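Asker: how would this look folded up:
(one chain, ligands or ions: 2)
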Amino acid sequence: MTAHPCLTASSGSGRMASSRLPILLALVFSSFSFVLPHSNRVMWFQDLFPPNVCPINAKANTFYGIMFDAGSTGTRIHIYTFVQKSPESLPELEGEIFESVKPGLSAYADQPEKGAETVKRLLDMAIDAVPPHLWKKTPVVLKATAGLRLLSEEKAQALLLEVKEVFEESPFLVPENSVSIMDGSYEGILAWITVNFLTGQLSGQNKHTVGTLDLGGASTQITFLPRFEETLKESPGDFLTSFEMFNSTYKLYTHSYLGFGLKAARLATLGALNMEAVDGQMFRSSCLPKQLEAEWHFGGVKYRYGGNKEGETGFRPCYLEVLKVVKGKLHQPDEIRGSSFYAFSYYYDRAVDTNLIDYEQGGVLEVRDFERKAKEVCDNMERYNSASPFLCMDLTYITALLKEGFGFRDNTLLQLTKKVNNIETSWTLGATFHLLQSLGITY
Ligand SMILES: Nc1nc2c(ncn2[C@@H]2O[C@H](COP(=O)(O)OP(=O)(O)O)[C@@H](O)[C@H]2O)c(=O)[nH]1
Ligand SMILES: [Ca+2]
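Answerer: Numbering: from 1, shown residues only. Ligands and ions are numbered 1, 2, ... in the order given. Prediction:
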């Protein structure tokens, strides 16, 4: 059978996600208020590539936005497709093409050109996905997060400069400030916008927004819309930010804790975070299998680590080690104790790794579920068959971060979500809305 031309045109390894399921996501670009009309439309060829993202089938009313997430552990491209069916109707978010590469840009701190090359390879996917006559109208932006925040200014800027060159050489629209390090508070706000938009909470009268928890490699964010006056009064000033989008102003509680991402926390637990010259030093922990001795590369630095050969291992000593990393270091808003949160990134990944949730479906957990798994893994470390020697440490850190860091209760509910209506729950969608808004792009 001959492959459909659409498949040939977009045959990269990219995955196309379409918001084809009952909800079609519509947005009003003029006012940027978003509505969620219902549709049971079945798209032609929908399981492979919906026609609207196939260049050969692209309709005149399709437009695109390209957002790169330069995270500490990987670089990802999100190519969003919007469709306006008639001049009177509202443009709709139609789908997303998503692809990622590892490691992240910060691993190329001393080879900025090589780092930029990884961005170029991802951008080539957009050349296939966006029809040529729309290239000039399609904005491309890269925002870096904690990995680059932790590099020296000089090294980070060298990387960003090389990426900027890649963008300038591409046929896409390169807005001012298209390559930058994102402020941590935006990371939380934009992820909150994404999740609440995708779950339909930003439209209509009865807005019941949900808080979001993102656990990256190098930093972690918590964001929610405070309901109680107390929270506004008791929070440090820089934890509260007003943000305007979709014709509403949201006064959000948000904070990004740099150095509290899962991988940075491993280094902190090992006592190796921010060590300038590691020089073959061995870092040991009771959270690792006793006999383990290995090497680990993070942010372009090599670390040697191992288990407590002679000493204790297991959940209790591990928890005490990890506690030192989080105890008293995070602000604890009372209001969150009883509420439920959407959680993604490494919360999701580690819950999948330990069969707490299904990879495709996600699920709802209580904070104590992470603790139960941490005990199970840490107290059976020699027998537990895990892909990563850090599984005990990671689960213990997640438990301590949630309970002792943020102050959640054992029974606080966490909605573990990777995708909503087939769109990745990432700050990148919120950032794309913001970008299109600032560029005044309407069809
Ligand atoms: N759901 C979702 N998770 C993502 C996406 N991109 C990265 N992640 C997760 O983010 C985590 C890595 O964090 P990363 O962004 O590299 O580090 P950061 O710079 O500290 O935020 C891993 O758990 C990834 O699975 C995405 O588009 N969607
Ligand atoms: Ca991230």
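
Asker: which bits of this protein sit near ligand 1?
Answerer: 69, 71-74, 76, 104, 145-147, 216-219, 261, 344-346, 349, 418, 424-426 (Cβ under 6 Å from any ligand atom). (Each C-beta comes from the backbone N, C-alpha and C, glycine too.)

Asker: now for Glu295, how many residues are close by?
Answerer: Glu295 has 10 neighbours, counted by other Cβ atoms under 10 Å.

Asker: wait, is it part of a strand?
Answerer: Yes: Glu295: assigned to a strand according to DSSP: H, G, I helix; E, B strand; the rest coil.

Asker: residues in contact with it?
Answerer: Neighbour list for Glu295: 302-305 [criterion: Cβ atoms under 8 Å, 6 or more residues apart in numbering].

Asker: nearest to ligand 1, of the residues you listed?
Answerer: Proximity of those to ligand 1 (Cβ to the nearest ligand atom) peaks at Tyr303, which lies at 17.2 Å.

Asker: that's a helix at that closest one, yeah?
Answerer: No: applying three-state DSSP, one finds Tyr303 to be strand, outside a helix.

Asker: pLDDT value on the nearest residue to it once chain neighbours are set aside, please?
Answerer: Among residues not flanking Tyr303 along the chain, Trp296 sits closest, at 4.9 Å (Cβ to Cβ, 6 or more residues apart in numbering). At Trp296, the predicted lDDT confidence score is 86.

Asker: output the below-cut-off pLDDT ranges for the stretch 251-400 of the chain.
Answerer: For the stretch 251-400 of the chain, the stretches with pLDDT under 70 are 274-279.

Asker: how close does Asp110 get to Leu232?
Answerer: Separation of Asp110 from Leu232 (Cβ to Cβ, to the nearest Å): 45 Å.

Asker: those two: which is more packed in?
Answerer: Leu232 (15 against 11).

Asker: and the more buried one, what are its phi and psi?
Answerer: phi -70, psi -40 (degrees, to the nearest 10).

Asker: ligand 1 versus that one, what's the distance?
Answerer: As for Leu232, its distance to ligand 1 is 27 Å (criterion: Cβ to the nearest ligand atom, to the nearest Å).

Asker: picking up where we left off before, out of the contacts of Glu295, who's the most crowded?
Answerer: Tyr305 (23 neighbours).

Asker: got the contact list for that one?
Answerer: Contacts of Tyr305 (Cβ under 8 Å, 6+ apart): 270, 272, 282-285, 288, 292-296.

Asker: ok, now with 6 Å
Answerer: Neighbouring residues of Tyr305 by Cβ atoms under 6 Å, 6 or more residues apart in numbering: 270, 283, 296.

Asker: same check, this time on Ser248
Answerer: Applying Cβ under 6 Å, 6+ apart to Ser248 gives no contacts.

Asker: what does the model give it for pLDDT?
Answerer: For Ser248, the model assigns a pLDDT of 84.

Asker: may I see the buried residues of the helix or strand that contains Glu376?
Answerer: Per DSSP states H and E, Glu376 falls inside helix 367-378. By neighbour count with 16 or more other Cβ atoms under 10 Å, helix 367-378 contains the buried residues 367-371, 373-375, 377-378.

Asker: residues near the residue nearest to Tyr303, how many?
Answerer: For Trp296, using other Cβ under 10 Å, the count is 17.

Asker: and it, how far is that from Ala268?
Answerer: From Trp296 over to Ala268 the distance is 14 Å, taken as Cβ to Cβ.

Asker: likewise Ile357?
Answerer: Taken as Cβ to Cβ, the span from Ile357 to Ala268 is 26 Å.

Asker: repeat for Thr412
Answerer: 24 Å.

Asker: one more: Ala107?
Answerer: From Ala107 to Ala268 the distance is 19 Å (Cβ to Cβ).

Asker: got it, and Lys251?
Answerer: 32 Å.

Asker: of these two, give the one with the bigger neighbour count.
Answerer: Ala268 (21 against 11).

Asker: which strand or helix spans that one?
Answerer: Judged by DSSP H and E, Ala268 forms part of helix 262-270.

Asker: put the alpha carbons of stretch 348-359 into PDB.
Answerer: Taking C-alpha atoms only, stretch 348-359 is exported to PDB below (Å, rounded to 0.1, in the frame of the first residue of the first chain):
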ATOM      1  CA  TYR A 348       4.300  11.600  37.000                       C
ATOM      2  CA  ASP A 349       7.400   9.700  35.900                       C
ATOM      3  CA  ARG A 350       8.200   8.200  39.300                       C
ATOM      4  CA  ALA A 351       4.600   7.200  39.900                       C
ATOM      5  CA  VAL A 352       4.700   5.400  36.500                       C
ATOM      6  CA  ASP A 353       8.000   3.700  37.400                       C
ATOM      7  CA  THR A 354       6.500   2.200  40.500                       C
ATOM      8  CA  ASN A 355       3.100   1.200  39.000                       C
ATOM      9  CA  LEU A 356       1.200   3.700  41.100                       C
ATOM     10  CA  ILE A 357      -0.400   5.000  37.900                       C
ATOM     11  CA  ASP A 358      -0.600   3.900  34.300                       C
ATOM     12  CA  TYR A 359       1.700   5.600  31.800                       C
END
